[in-house]
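*Asks:* Build me a structure from this.
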Amino acid sequence: MSDDAILFEVEGGLARLTLNRPSRLNAVDPEAIGRWQALAHEIAERDDIGAVLFGANGRAFCAGGDVRAMAELATGEPDAGSVITALADRIHDGHRTLRESSKPIVAAVQGPVAGGGLGFMLVADLIVASEHATFASRYSDVALTPDCGVSTLLPEAIGTRRALELTLTSRTLTAAEALDWGLVTEVVAPDELEARAREIARAWLDGATAAFGQAKRLVRSGLTRSFQEALDDEARTIGAAFDSPEAQAHVAAFAARTSPAGSGG
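*Replies:* Coordinates of the predicted model:
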């Protein structure tokens, strides 16, 4: 297995993105941050990618930022805070790029998620969690504040009150609680996690792939703009979709299935 901080492969239109620092609970260090940013742009720009399966190696999904690595990097710096800000900016650029892309993402979450790991997880459009997964903030443990998009992505997923409860207390959610709160899409047995996440991604690739991607983009971008801007984008996008070979084939097939029996000359 490669020792890259994040593994990446593309096969049959499916991009596989895997956090690969299991000994550090997949906490991201500067190397991983740089690779995350670069891979996000590659995924968004490649026409041969239709869907993304996002996972992690080891027992944890992601513990957020590698605090030890950050402390070592900032040691001796006259303005250590600016070093951390620059790293956060690179993470955030990767997050924004993936969120705004037309590539739907499913995350397979096998174990604990903490701190900024919540932000990495919530970049995904659908989240399948193992029954063994847990979810916590833990920022207060190191006297730090939310990053990796957590202050926006968490309340978007579960509402402001619950997001505040998770970030301002030491509460840890079980997988069942995370499902109840709307933090994850579904919960499965550990031995079913990989197959279920792949099944979702495969359905995107085997169906109207372009339409799924544009639907994801419209829903995501609609949260940050005016209603009229969203309506205008919807009108342009459905018009362009209707002209595509993919839509023409699906529309024709649908029309044929729903035509009145016996109609015609």
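*Asks:* So what touches the helix or strand where Ala129 lies?
*Replies:* Per DSSP states H and E: Ala129 is located in strand 126-130. Residues outside strand 126-130 that contact it (Cβ atoms under 8 Å, 6 or more residues apart in numbering): 104-111, 121, 175, 178-179, 183-190, 193, 196-197, 200. Backbone N, C-alpha and C define where each C-beta goes, glycine included.
*Asks:* cutoff 6 Å now
*Replies:* For strand 126-130, contacts defined as Cβ atoms under 6 Å, 6 or more residues apart in numbering pick out 106-110, 175, 184-187, 190, 193, 196-197, 200.
*Asks:* Distance of Glu165 relative to Glu229?
*Replies:* In this view, Glu165 and Glu229 are 33 Å apart by Cβ to Cβ, to the nearest Å.
*Asks:* Give me the more crowded residue out of those two.
*Replies:* Glu165 (15 against 12; other Cβ atoms under 10 Å).
*Asks:* Now the more buried one: closest residue in space, sequence neighbours ignored.
*Replies:* Of all residues not flanking Glu165 in the chain, Arg171 sits nearest, at 6.3 Å (Cβ to Cβ, 6 or more residues apart in numbering).
*Asks:* Helices of the chain, start to end?
*Replies:* 30-45, 67-74, 80-100, 117-122, 150-158, 160-168, 175-181, 193-206, 209-221, 227-242, 245-258 (DSSP state H).
*Asks:* before we move on, back to that, could you give the mean pLDDT of the strand holding Ala129?
*Replies:* For strand 126-130, the mean pLDDT works out to 98.
*Asks:* Direction included, what does it pair against?
*Replies:* Here strand 126-130 is paired, per DSSP bridges, with strand 105-109 (parallel), strand 186-188 (parallel).
*Asks:* Now do the first one: everything it contacts.
*Replies:* The list of residues contacting strand 105-109 from outside it, by Cβ under 6 Å, 6+ apart, reads 52-55, 61, 121, 124-129, 133, 193, 197, 200-201.
*Asks:* State the number of residues packed around the residue nearest to Glu165.
*Replies:* 13.
*Asks:* for Leu231, same thing?
*Replies:* 11.
*Asks:* cool, Asp89 as well?
*Replies:* Around Asp89 there are 11 residues (other Cβ under 10 Å).
*Asks:* and if you look at the one 4 residues further on?
*Replies:* Other residues lying near Asp93 total 15 when counted by other Cβ under 10 Å.
*Asks:* From Lys103, how far off is the closest residue to it other than its chain neighbours?
*Replies:* In space, Asp93 comes closest to Gln37 once its chain neighbours are excluded; the distance is 5.4 Å by Cβ to Cβ, 6+ apart. When distance is defined by Cβ to Cβ, Gln37 is 16 Å away from Lys103.
*Asks:* Which of the two has more residues huddled nearby?
*Replies:* A direct count of neighbours by other Cβ under 10 Å for Gln37 and Lys103 places Lys103 higher, at 22 against 18.
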